[in-house]
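>>> Here is the input, now give the coordinates:
(one chain, ligands or ions: 1)
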Amino acid sequence: MAGKITVNKIQKYKENGEKFTVLTAYDYSTAKYLDEAGIDIILVGDSLAMVALGYETTHCIGVDEMKIFTKAVSTGVTNAMTVTDMPFMSYNISLEKALENCSLMIKNGADAVKIEGCNDYIAEVIKRLTECGIPVMGHLGFTPQFLKTLGGYKIQGKTSDETEKLLNDAKKIEKAGAFSLVLEMVPENTAKYICENLKIPVISCGAGRFCDAQVLVSDDIFGKYSDFKPKFARKYGDMKSLISECAKQYIKDVKSGSFPSDEEVY
Ligand code: KIV
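Below is the predicted model:
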């Protein structure tokens, strides 16, 4: 891969019609391997609340935890862009608080932050962050931090009214200065329409084939995170079985006395 991924390179991908890739990571070694594999953007998603910490939703994670995970991931990364998800209510209380919390992620190694939703206030937050030198990735469609008001894990942008609202919000986010936008759980024709009408790259998370990039939760593609697999996630491995097999073999070897061997002692 040719050097550090920047917002300019991400924009060039869109202009050249070249797809780019995004995966989540929450720890140093995973981030390092993803970076070495050539992933363009590593997202320290607040999905880590569920995937890495076992919480039921993303609501219970805060700025202090996201700082720690951001530091770990960014330490493992050389070329990829590290984007940190701003956790629930960390940017909604006041503009001042939003700027302060987002700046903490940059100070801990993030190259950019991601924030969910759109209204006049959020657009102002994006504008001010960008003016302060903090690149922002927007997030529309199904937005997990709004799970309770959305009434569950529901596909967004199904009707023409919803599609127009999504496009208006997306344009507002673009105008405010965001460098990219995640669209989650949106029908692919809706996502295609939005993607064609935006200058900034659109990253699909279950939004079909016509977006500029794809993002998935890495534990889903590794087959590590429980038995639940969203329809849009493709499983490339079976880490759950691998971990279980390794642990069982280790237990067997210790109990039988075959570990440690002659070579494994001082
Ligand atoms: O938290 C997360 O992992 C995300 C992506 C799935 C888009 O927001």
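
>>> so how far is the ligand from Tyr153?
In this view, Tyr153 and the ligand are 12 Å apart by C-beta to the nearest ligand atom, to the nearest Å. (C-beta placed from N, C-alpha, C; glycine too.)

>>> tell me the contacts of the residue lying closest to that residue once chain neighbours are set aside?
Spatially, and ignoring its direct neighbours in sequence, Tyr153 is nearest to Phe142 (6.7 Å; C-beta to C-beta, 6 or more residues apart in numbering). Residues in contact with Phe142 (C-beta atoms under 8 Å, 6 or more residues apart in numbering) are 150, 153-156, 184-186, 206.

>>> got a winner among the residues you listed for most neighbours?
Neighbour counts for those (other C-beta atoms under 10 Å) peak at Val186, which has 28 neighbours.

>>> Surely Leu140 forms part of a strand?
Yes - secondary structure assignment (DSSP: H, G, I helix; E, B strand; the rest coil) places Leu140 inside a strand.

>>> Look up which residues are beta-bridged to it.
Note on Leu140: beta-bridge partners Leu183, judged by DSSP bridges.

>>> what about it, how many residues close to it?
Per other C-beta under 10 Å, the neighbour tally for Leu140 reads 25.

>>> can you start the count at 12 instead of 1 from here on
OK, 12 is where the count begins now, so the last one is Leu151.

>>> Now do the contacts for it.
127-129, 167, 177, 180-181, 184, 192-195.

>>> and the residue of the chain most remote from its centre, what pLDDT?
Residue farthest from the centre of the chain, counting by C-alpha atoms, centre = their mean, is Asp273 at 45.3 Å. As predicted, Asp273 sits at a pLDDT of 98.

>>> Same check on Met12?
What the model reports as pLDDT for Met12 is 47.

>>> Over to Tyr236?
In this model, Tyr236 is scored at 83, pLDDT.

>>> unless I'm mixing things up, Val55 is touching Thr93, no?
Yes - with contact defined as C-beta atoms under 8 Å, Val55 counts as touching Thr93 (6.7 Å).

>>> Looking at these two, which one has more neighbours?
Just comparing Val55 and Thr93: by other C-beta under 10 Å the higher neighbour count belongs to Val55, 30 against 25.

>>> Minimum distance to the ligand, which residue of the stretch 162-277 of the chain gives it?
Cys216 (4.3 Å; C-beta to the nearest ligand atom).

>>> contacting residues around the spatially closest residue to that residue that is not a sequence neighbour?
Residue nearest to Cys216 in three dimensions, not counting chain neighbours: Glu195, with 4.2 Å by C-beta to C-beta, 6+ apart. Listed by C-beta under 8 Å, 6+ apart, the contact set of Glu195 reads 150-155, 167, 216-218.

>>> Mind putting those residues into TSV with pLDDT and distance to Leu115?
TSV is the format used below for these (pLDDT from 0 to 100; distance: C-beta to C-beta, whole Å):
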residue	pLDDT	distance to Leu115
His150	98	19
Leu151	98	24
Gly152	98	27
Phe153	98	27
Thr154	98	22
Pro155	96	21
Gln167	97	30
Cys216	98	25
Gly217	98	30
Ala218	98	30
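
>>> Find the pair from those with maximum spatial separation.
Pairwise distances across the contacts of Glu195 (C-beta to C-beta) peak at 14.5 Å, for the pair Pro155 and Ala218.

>>> Compute the number of surrounding residues for the residue of the chain found nearest the ligand.
In the chain, the residue that lies nearest the ligand is Gly56 (2.2 Å; C-beta to the nearest ligand atom). By other C-beta under 10 Å, the residues close to Gly56 number 29.
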